[in-house]
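1. got a predicted structure here, sequence first:
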Amino acid sequence: MKQSVTPTDVEVFFDADDIIVSKTDLKGRITYANKVFSDVCGYSEAELIGQPHSIVRHPDMPRCVFKLLWDTLAEGREIFAYVKNMTRRGDYYWVFAHVTPSFDASGRVVGYHSNRRVPARHVVAALAPVYRQLLDVEARHRNAKDGLAASTQHLVDFIKSKNISYDQFVFSL
């Protein structure tokens with residue numbers, strides 16, 4: 001279903017009391033989408049179910065942020081991240097995401113659950129240039145694999161230079 005969507009410069013906002021909720025399987029395919037998610041991104045629930053969560057990925061998002069997210073989830077840990085998403089029409093919206101593994105009764109990870117809230121505007125302003133720099137690092141490489149490795153290392157070095165963990169960095173903004 002993923003179709004070519006051209007990004008616009010139009011930002012979409014949602015109410016600070018609203019929470020965007022989705023669940024995915026282990027491969028990141030959407031298994032649940034609440035009405036707020038559907039309303040904000042412009043896809044119906046039926047259109048979202050079964051699609052990769054990347055259906056709302058904005059090209060302004062560095063791939064290394066998603067690598068960090070997936071690596072953290074693979075370790076069975078939760079992660080918080082600021083993400084710029086794209087609507088069906090190409091508009092964008094920022095979220096502060098809290099993503100957690102979902103466990104079965106035996107303690108095995110069976111999927112993922114994400115709650116997204118309205119982010120603080122000062123955080124978005126602070127992160128946008130960092131994300132742009134990470135995208136620039138990715139673009140300087142001949143292939144996507146090398147670009148991802150370089151931007152991931154750049155992100156790791158950036159966080160280390162602050163003498164804090166990624167989680168501490170996110171909550172310090």
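-> The structure has been received and is ready for your questions.
2. sec struct for the residue sitting furthest away from the middle of the chain, please.
-> Largest separation from the mean C-alpha position in the chain: Ser106, at 28.0 Å (CA atoms, centre = their mean). With DSSP: H, G, I helix; E, B strand; the rest coil as the basis, Ser106 sits in coil.
3. next: Asn115.
-> Going by three-state DSSP: Asn115 is strand.
4. pLDDT score assigned to it?
-> Note on Asn115: pLDDT of 98.
5. ok, it - contacts?
-> Residues near Asn115 by CB atoms under 8 Å, 6 or more residues apart in numbering: Ile19, Ile20, Val21, Ala97, His98. Yep, even glycine has a C-beta here, placed from its N, CA and C like the rest.
6. pairing partners for it in the sheet, please.
-> Asn115 has these beta-bridge partners by DSSP bridges: Val21, His98.
7. roughly how far apart are the residue farthest from the centre of the chain and Leu26?
-> Separation of Ser106 from Leu26 (CB to CB, to the nearest Å): 15 Å.
8. can you check Gly90 too?
-> Taken as CB to CB, the span from Gly90 to Leu26 is 29 Å.
9. next one: Asn115
-> In terms of CB to CB, Asn115 sits 19 Å off from Leu26.
10. hmm, back to that, and the buried ones among the contacts of Asn115, selectable in ChimeraX?
-> Per 16 or more other CB atoms under 10 Å, the buried members of these correspond to this ChimeraX selection:
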select :19,20,97
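11. any idea which element the spatially most central residue of the chain lies in?
-> For the chain, Val83 is the residue whose C-alpha lies nearest the centre (CA atoms, centre = their mean; 4.4 Å). Here Val83, judged by DSSP states H and E, is contained in strand 79-86.
12. contacting residues around that strand?
-> For strand 79-86, the external contacting residues (CB under 8 Å, 6+ apart) are 5, 7, 41, 56-61, 65, 68-69, 72-73, 92-99, 116, 119, 123-124, 127, 131, 166-167, 170-171, 173.
13. what about the strands in the chain?
-> Counting by DSSP state E, residue ranges of the strands within the chain are 20-24, 30-33, 79-86, 92-103, 109-117.
14. dump these into a markdown table; add distance to Asp146 as well.
-> Shown next, in a markdown table, are the strands of the chain (distance: least, CB to CB, whole Å):
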| stretch | distance to Asp146 |
| --- | --- |
| strand 20-24 | 28 |
| strand 30-33 | 30 |
| strand 79-86 | 23 |
| strand 92-103 | 26 |
| strand 109-117 | 27 |
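15. in stretch 15-26, what's buried?
-> Neighbour-count burial for stretch 15-26 flags Asp18, Ile19, Ile20, Ser22, Lys23, Thr24 (criterion: 16+ other CB under 10 Å).
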